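**Q** Predicted model, plus sequence, below.
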Amino acid sequence: MAVLHILHYPDPRLHTVAKPVSEVNEKIRALVKDMAQTMYEAPGIGLAATQVNIHQQIIVIDLSDERDQLQVFINPKLVWASEEKKVWQEGCLSVPDFYDEVLRPAEVKVQALDIDGKEFEIHADGLMAVCIQHEMDHLKGKVFVEYLSSLKRMRIAGKLKKKTKAGVI
Ligand code: NI
């Protein structure tokens, strides 16, 4: 297993659109393990392959306090979103130390493949709904700061560029 390098906003590679995984094989399972280790090490509650510069539709999430409830979503598809929306304070491993409010559907249904290539569906609400939508955005090349005003986004990009140059992130 390996800890992978996480890209930081405004790295243009974060805007790459991920391709579907054609077969859930040993290579994909090894990649999922590395992504999970990278997420736990960071530490974070979710990570999309895009963030480690791998442009395939893979997401790992673990919302548990014990960090032992890994959930894997391969080729996730949004099948339903509630009309009711909710604001959450979001953060992102690609945007370290910045948090801001994003408005999203409060509940979603998502279909995906698990680590064995088997299809499943979840009905998510609360933090899980936020997290899965945030990670699915990554696979589309979208970072949560794109929901914020351009002024805020520019300020964040400027600060993170300085930090990256200084080698502190
Ligand atoms: Ni993120």
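**A** Arrived safely, thanks for sending.
**Q** Pop out the phi and psi values for the residue nearest the centre of the chain.
**A** Nearest to the geometric centre of the chain sits residue 135, at 2.9 Å (C-alpha atoms, centre = their mean). Here is the backbone geometry of residue 135 (degrees, to the nearest 10): phi -70, psi -40.
**Q** Same question for residue 119.
**A** phi -80, psi 140.
**Q** if I pick the nearest residue to it once chain neighbours are set aside, what's in contact with it?
**A** Distances taken as C-beta to C-beta, 6 or more residues apart in numbering place residue 113 nearest to residue 119, at 5.8 Å, with adjacent residues excluded. Where C-beta positions appear, they are placed from N, C-alpha and C, glycine not excepted. Going by C-beta atoms under 8 Å, 6 or more residues apart in numbering, residue 113 touches 21, 24, 73, 74, 75, 119, 120.
**Q** In ChimeraX, select just the buried ones from those residues.
**A** This is the ChimeraX syntax for the buried subset of these, where burial follows 16 or more other C-beta atoms under 10 Å:
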select :21,24,73,74,75
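**Q** first vs last residue of stretch 18-29, how far apart are they?
**A** Length of stretch 18-29, first residue to last, C-alpha to C-alpha, to the nearest Å: 17 Å.
**Q** and if you look at stretch 113-120?
**A** Using C-alpha to C-alpha, the two ends of stretch 113-120 sit 6 Å apart.
**Q** Then stretch 137-147?
**A** Where stretch 137-147 begins and where it ends lie 11 Å apart, using C-alpha to C-alpha.
**Q** Could you do stretch 56-66 as well?
**A** 28 Å.
**Q** Contacts for that stretch, please.
**A** 18-21, 28, 31-32, 35-36, 39-40, 45-49, 68-76, 112, 127-128, 131-132, 135-136, 138-139.
**Q** if you set the cut-off to 7 Å instead, what comes out?
**A** With contact meaning C-beta atoms under 7 Å, 6 or more residues apart in numbering, stretch 56-66 is reached by 18-21, 31-32, 35-36, 39, 45-49, 69-76, 127-128, 131-132, 135, 139.
**Q** Could you measure from the residue nearest to the centre of the chain over to residue 158?
**A** Distance, residue 135 to residue 158, using C-beta to C-beta, to the nearest Å: 25 Å.
**Q** Same question for residue 65.
**A** 35 Å.
**Q** same question, residue 90
**A** 20 Å.
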